[in-house]
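[1] kindly return the folded structure for what I paste below:
(chains A, B, C and D)
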Protein chains: 2
Amino acid sequence: MPPANRTEKRKQQTRDHIIRIAVELFQHQGFQATTMDQIATEADIARKTLYNHFSVKEAIADAYVRDQSMALAKANRQILDRHPDTASRLLAALDKAYAWVETNPELARICLGYRMKNMWHGDGSENEETGTQGLMAEILRRGQKAGEIRTDIPIKLLLLQIDVLRGSIVMDWLRDRESFKLRREIARTVDLFLYGATGKKR
Amino acid sequence: MPPANRTEKRKQQTRDHIIRIAVELFQHQGFQATTMDQIATEADIARKTLYNHFSVKEAIADAYVRDQSMALAKANRQILDRHPDTASRLLAALDKAYAWVETNPELARICLGYRMKNMWHGDGSENEETGTQGLMAEILRRGQKAGEIRTDIPIKLLLLQIDVLRGSIVMDWLRDRESFKLRREIARTVDLFLYGATGKKR
DNA sequence: ATATATAATTACACAATGTATAATTATGTC
DNA sequence: GACATAATTATACATTGTGTAATTATATAT
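    Predicted coordinates:
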């Protein structure tokens, strides 16, 4: 769905332009070392325009990651039909998601902190399902239909849980990439998510 | 364990003084409306001294909540022996914790966002178990000994999960205090934590 | 096509945040 | 009492984020 009128298109363009320039700077100098001033100058726009689009620096990283996530999720929707049950779908989806994180650890970290903070403060607009989250949500919905996932908990809360577990894996992995067996940790985490802290039947 | 030397004692004193003054201001004017400048002026110390103790405003709220949480947890350690199993202990502990949150919703919210953000960025020093977390950790350890809690997941990760679930309850409750049945939600959340997203046996 | 409304961008000013540096004061140690 | 250490302070500064009003580009109605 391309933007209807030219105004929207122009706005989109500056937005995309900002993201492109900013991410370039982030990757060259690091997120912390890049200032909003610098981004505005490099993008050749007024600082205020930059703030009109993104009120804080983290939001730029977040927007970028969302775009990436969107594309990724689109390519991974096949997971839904190629796997027989919720557990294997979650495993597959997480596996794909981490392949991306591995290539952008810093932005992934920034983004995670930003989202967690906004989860409690935000007006809800920032909490829209990103690509990967949308995929996860669909997996959970199918799981509910199949009777594999409980229906007395809002999907939103389940998604939050997955996000946090996902985040903790990323962080552990970033701390010590050598000894960390990513796939094993993912499997363990999915198990925790599905069967809880008891890990056994009631 | 009172501070050993006078230097430490003085430092503690200014720190406590800052917290006392700041929280007073927070409760009178709100957190957002209170500036670091104002806190420094009211506390009659240099702004830089304030920043030496707390590098961001949220850290003051966090320190206060930690102190409160410490006292609370101390008073609630009896829960460990007065309840027969992990589930009822968790329920009781969360129940007590929320009684406090109800009296300080704003600070609770600030603090939660701050911790969530720092969970991934922090150097670990801020992630020390607070009072309530310490109690939760003890509950989980006893649960592991009794075979009620799985041992293949680090306690730290389980605590994180509880924190997030706790947080989501608080937020939902803050959004709509009328229709929200706090006790029922707590029970549901504990169930989710213990038995996972499937909610049934494997 | 022209006038009018709307929305993005801009320039400017400002309050607040957070950091860096060096001087000053209080405390601990010899 | 002399020296080292650590907290506090004064000062200056870069950065962040917001508020206001002017300017430009686009959309819409006549």
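[2] let me see the contact set for the closest residue to residue A:92 other than its chain neighbours.
    Computed as CB to CB, 6 or more residues apart in numbering or on different chains, the closest residue to residue A:92 that is not its neighbour in sequence is residue A:79, at 4.7 Å. Placement of C-beta: from N, CA and C, glycine included. When contacts are counted by CB atoms under 8 Å, 6 or more residues apart in numbering or on different chains, residue A:79 is found next to A:89, A:92, A:93, A:96, A:135, A:139.
[3] DNA strand D contacts on chain A?
    Within chain A, the residues that sit near DNA strand D (CB under 7 Å from any atom of the strand) are A:5-8, A:10, A:35-37, A:47-48, A:51, A:55-57.
[4] helices - which of those land there?
    Secondary structure of the residues of chain A next to DNA strand D is defined by DSSP state H; positions in helices are A:6, A:7, A:8, A:10, A:36, A:37, A:47, A:48, A:51, A:57.
[5] gap between the last one and residue A:63?
    When distance is defined by CB to CB, to the nearest Å, residue A:57 is 11 Å away from residue A:63.
[6] what's the answer for residue A:176, then?
    For residue A:176, the distance to residue A:63 - CB to CB - is 30 Å.
[7] what about these two, which has more around it?
    A count of neighbours by other CB atoms under 10 Å in any protein chain shown puts residue A:63 above the other of residue A:176 and residue A:63, at 20 against 8.
[8] considering only chain A, name the residue that lies closest to DNA strand D.
    Ranking the residues of chain A by distance to DNA strand D (CB to the nearest atom of the strand) places residue A:5 first, at 2.9 Å.
[9] pLDDT at that residue, what is it?
    The score at residue A:5 is 77. That number is its pLDDT.
[10] and it, how many residues sit next to it?
    Residue A:5 sits with 8 neighbouring residues when counted by other CB under 10 Å.
[11] go on, residue A:32?
    The local packing count at residue A:32 equals 10, with neighbours defined by other CB under 10 Å.
[12] right, and residue A:59 touches residue A:115 too?
    No: Residue A:59 is beyond contact range of residue A:115, at 10.4 Å (criterion: CB atoms under 8 Å).
[13] between those two, point out the one with more neighbours.
    residue A:115 (22 against 16).
[14] what secondary structure does the more buried one sit in?
    Assigned with DSSP: H, G, I helix; E, B strand; the rest coil, residue A:115 falls in the helix class.
[15] how much space separates it from residue A:159?
    Residue A:115 sits at a distance of 11 Å from residue A:159 (criterion: CB to CB).
[16] residue A:13 now?
    The span separating residue A:13 from residue A:159 equals 32 Å under the rule CB to CB.
[17] more neighbours, the two?
    Shown here are residue A:13 and residue A:159; by other CB under 10 Å, residue A:159 has more neighbours (17 against 11).
[18] what's the spacing between the more buried one and residue A:143?
    Distance, residue A:159 to residue A:143, by CB to CB: 12 Å.
[19] go on, residue A:153?
    Residue A:153 sits 12 Å away from residue A:143, going by CB to CB.
[20] between these two, what contacts are shared?
    Taking CB under 8 Å, 6+ apart as the contact criterion, the common neighbours of residue A:153 and residue A:143 are residue B:197.
[21] okay, these two: which has more neighbours?
    When residue A:153 is set against residue A:143 and neighbours are counted by other CB under 10 Å, the residue ahead is residue A:143, at 23 against 18.
[22] how much space is there between the more buried one and residue A:200?
    Counting by CB to CB, the gap from residue A:143 to residue A:200 is 20 Å.
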